[in-house]
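K.L.:
Sequence below, structure please.
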Amino acid sequence: MTRSIAPLPSSRRAARAALAAGTACVATLLAASPARADGPVAEPKPGAFVLGIDGMDPVILQRLMDEGKMPEFKRLAAEGSFQPLGTVNPPQSPVAWSSFATGMDPGGHGIFDFVHRDPATYRPLASATPPPSGELPGAVHLFGYVLPLGGETVGNNRSGKPFWDYLEAAGVPTQVYRIPGNYPVPDSAAVTLSGMGTVDMRGEFGKYTWYTDDAFTVAKDHKADLEIVTVEDEDLDGKPDTVHTKLRGPPDIFHLEPGQLPGSNDFLVANFDVHVDPEQPVLWIKFGTDEAVVREGEFTDWMHVSFDALPMGVMPMHGIVRFYAKQVRPGFRLYASPVNIDPASPAQPIATPDGAAEALADELGPYWTQGFPEEINALKDGLFDDDDYEKQIALVHADGERMLAAALARFHPGQCTFMYLSDIDLQCHMEWRHGDPKNPGAPHHPAWREETATRHALDIESHYRNCDRMLGDVRRTLPEGTLLMVMSDHGFAAYTRQVHMNTWLADHGYLFVKEKRSHPDGPALIPSPDGADGRPDIDAGDIDWARTTVYGLGFNGLYLNLKGREARGCVEPADADALVAKLTAELLAWRDDKDGARPVLRVDRSRDIYAAARRAEAPDLIVGYNAGYDCSDASTLGHLTATELQDNDEPWSGSHLMAPEVVPGILLVNRKLPGAGHALPDLTVTLMQHFGLPKGEGMVGRSILDR
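P.N.:
Predicted structure coming up:
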């Protein structure tokens, strides 16, 4: 997994796919699925259970085991095997989990980064969906509504057949909970629930709402929907007691023309009231038929909300939301979570087969469906402090623990189950600044603050220990003989220096901005046509493509501005090898003026490391950063800044977007393994072999159980 970034440009069809209305299904999900006759039938085998813990690091895990703080992991390592697990290149979550799902390298499955680019426009795109075709559906205008005529359904950009489809076809009942990269949800006979990448009701990756009676308390660049409210004295007793406000939901697609992106007023809304207790720091929130009483510093339970896309309730879209009473007085501060798709009545597919999300909701009640449930944006914006954040992620953890218990209750011998836990990854991203769990004696992080570090220095360790307790539940519950694998997609390291790669490219003659002139932030900067911050932007017409030979989009990728491939390419294919050699040598020779360290450890050419199937879509070069270094958010989305390197003093303080050898994952198995040096695709092949199946097409791994 990697940092949350600003929503990427999208087409109307993407917005429609994110909000497509569905009908509630009444299918009852059985714990075991019937055998299928559309593939070779596997011989009965003991079941397999895979616990995927995003971001768990082998160095941190080993230290905590040695200190006696991870007894369940230590017992599993002693009884079976524990070793580092090779990650993918680049070690980004959608790339890594796609490799685990399919057993392919990125060239096979086609996911190369969180962010891809459209070569026709140089525009950054979310990697989960293909570039827009450019064809927009027609529409009929009727009684003030815009009714689209057709339009294609957006599919998942990942290629390759996932292991669960092979197993189901062979009669092995398979359940996959929240695996990243499985949204939009592909059709499958297996029980699957989408995870990282799943949008909220806004069609975004997590748009929270902040209600306040003081507009000056919120920075202009916040990531929230900001609602300025008035606490009114409705009973005229001299004490303000009531707030009337609204919550934005899905885009109002039936009032948008084909291809039109929603503006701030183009969303469906639901109105609600908040009553303020005149004496106590307590709020009474009334939302439709739901209501909740919440004290200052507390979260509500899930509350249900419905948005009407068409009159008279013809097309209701159901969501769920949690509120947090940040401050009652003096000053009104209320947080609303991103509106999650209601799993009991999903407005779009988030699971397979039909009825799976609803069946799980029947068992558990409401649960997070948003792919990034941890509220990192409010913490980044400074509207949450670390105490608020810990309260919120405790709810996320409890949600995951309930889902794990349900997965274990459904598990029977002969089945295969994968369960994903996000407990480690996002907390390492956000809380590394309080104390380095990998190198406890390391100097303080640039974002370290004594007043918070004293309370939160051991937070990451506590999340590891929570996972240890959950592993104990798994080991006590699984039937005897079950193959148990505990794995992570990558490890972690400190992120202390931001790399502005596009600025480096500009400073070294690879990328050129138009009409270069002086600017307060540096000579390479010009006012940007989008008026955002005066900084050049690849997606805003600021780049001189006639001279630009290399540009960066995504966290680890560099693209040649190749003639015949990019819209305004100027690099002749015959000159590409020499350009790559020169660029690679200069990046590897780069030294940080601060301490002489190397920001870049390796540069790989995609043609040398990826399978051919979809290699043409990959970045030409994959940059492997050193520990401590990571590509900045600005450069990831194509912006240029004033400097090439700067200290990272932001809450996002740990990372894994580095050279793969810097951040290997973990592998624990309740078997003695005959060898070492395994990587993610090996686990996929192991599951296939365990159930008597050969490698699937394009799989590149080998079984970890082979001698």
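
K.L.:
how does the chain divide into domains?
P.N.:
For the chain, the domain assignment from automatic domain parsing gives the residue ranges 209-341, 496-661.

K.L.:
Most tightly packed of the ones you listed?
P.N.:
Among the domains of the chain, judged by mean count of other Cβ atoms under 10 Å, the one packed with the most neighbours on average is domain 496-661 (a mean of 19). Heads up, the C-betas are built off the backbone N, CA and C, glycines and all.

K.L.:
that older thread, is it possible to get the domains of the chain out as TSV so that each row also shows mean pLDDT and distance to D66?
P.N.:
Formatted as TSV, the entries for these read as follows, by pLDDT from 0 to 100; distance: least, Cβ to Cβ, whole Å:
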stretch	mean pLDDT	distance to D66
domain 209-341	90	36
domain 496-661	90	21
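
K.L.:
Please report the number of neighbouring residues for N89.
P.N.:
Applying other Cβ atoms under 10 Å, we find 23 residues neighbouring N89.

K.L.:
ok, and the closest non-adjacent residue to it?
P.N.:
P660 (4.9 Å; Cβ to Cβ, 6 or more residues apart in numbering).

K.L.:
swap in I111?
P.N.:
Once chain neighbours are set aside, the closest to I111 by Cβ to Cβ, 6+ apart is S98, at 4.3 Å.

K.L.:
I'd guess that neighbour is in a helix, am I close?
P.N.:
Yes - with DSSP: H, G, I helix; E, B strand; the rest coil as the criterion, S98 is part of a helix.

K.L.:
Read off the pLDDT value for it.
P.N.:
pLDDT, the model's per-residue confidence, is 98 for S98.

K.L.:
Tell me how far it lies from Y183.
P.N.:
Taking Cβ to Cβ, to the nearest Å as the measure, S98 falls 12 Å from Y183.

K.L.:
Looking at those two, which is more packed in?
P.N.:
For S98 and Y183, the more surrounded residue by other Cβ under 10 Å is S98, and the numbers stand at 33 against 26.

K.L.:
Contacts only, for the more buried one.
P.N.:
M104, P106, H109, I111, R158, G160, G181 (Cβ atoms under 8 Å, 6 or more residues apart in numbering).

K.L.:
Any chance of the residues you listed in a markdown table with secondary structure and pLDDT as columns?
P.N.:
As requested, these are arranged in a markdown table below (DSSP: H, G, I helix; E, B strand; the rest coil; pLDDT from 0 to 100):
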| residue | secondary structure | pLDDT |
| --- | --- | --- |
| M104 | coil | 98 |
| P106 | helix | 98 |
| H109 | helix | 98 |
| I111 | coil | 97 |
| R158 | coil | 97 |
| G160 | coil | 97 |
| G181 | coil | 94 |
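
K.L.:
picking that back up, next, give phi and psi for the residue nearest to N89.
P.N.:
Taking degrees, to the nearest 10, you get phi -60, psi -30 for the backbone angles of P660.

K.L.:
Does it touch G86 like I think?
P.N.:
Yes - with contact defined as Cβ atoms under 8 Å, P660 counts as touching G86 (6.9 Å).

K.L.:
Break down the stretch 501-650 of the chain into its helices, ranges please.
P.N.:
Assignment of helices within the stretch 501-650 of the chain using DSSP state H, counting those that start in this stretch yields the ranges 501-507, 576-589, 606-609, 633-636.

K.L.:
hey, C-alpha coordinates of the second one in PDB?
P.N.:
Coordinates of each C-alpha in helix 576-589 appear next as PDB, following Å, rounded to 0.1, in the frame of the first residue of the first chain:
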ATOM      1  CA  ALA A 576      16.300   5.500 -26.600                       C
ATOM      2  CA  ASP A 577      19.100   3.200 -25.400                       C
ATOM      3  CA  ALA A 578      21.700   6.000 -25.300                       C
ATOM      4  CA  LEU A 579      19.200   8.200 -23.400                       C
ATOM      5  CA  VAL A 580      18.400   5.500 -20.900                       C
ATOM      6  CA  ALA A 581      22.100   4.800 -20.300                       C
ATOM      7  CA  LYS A 582      22.900   8.400 -19.700                       C
ATOM      8  CA  LEU A 583      20.000   9.000 -17.400                       C
ATOM      9  CA  THR A 584      20.600   5.800 -15.400                       C
ATOM     10  CA  ALA A 585      24.300   6.700 -14.800                       C
ATOM     11  CA  GLU A 586      23.400  10.200 -13.600                       C
ATOM     12  CA  LEU A 587      20.700   9.000 -11.300                       C
ATOM     13  CA  LEU A 588      23.000   6.500  -9.700                       C
ATOM     14  CA  ALA A 589      25.700   9.100  -9.300                       C
END
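
K.L.:
picking that back up, quickly note the distance from the residue nearest to N89 to R602.
P.N.:
Using Cβ to Cβ, which is the criterion applied here, P660 is 9 Å from R602.

K.L.:
Please enumerate the shared neighbours of those two.
P.N.:
Taking Cβ under 8 Å, 6+ apart as the contact criterion, the common neighbours of P660 and R602 are G624.

K.L.:
Quick check: closest non-adjacent residue to the residue positioned nearest the centre of the chain.
P.N.:
Centrality entry for the chain: nearest residue to the mean C-alpha point is M196, 4.5 Å, by Cα atoms, centre = their mean. Take M196 and drop its neighbours on the chain: the residue closest to it by Cβ to Cβ, 6+ apart is P180, 3.4 Å away.

K.L.:
wait, doesn't that neighbour sit right on V95?
P.N.:
No - using Cβ under 8 Å as the test, P180 is too far from V95 to be in contact (9.8 Å).

K.L.:
who touches I538 in this structure?
P.N.:
Counting by Cβ under 8 Å, 6+ apart, the residues that I538 touches are Y122, P124, N502, Y551, L553, G638, H639.
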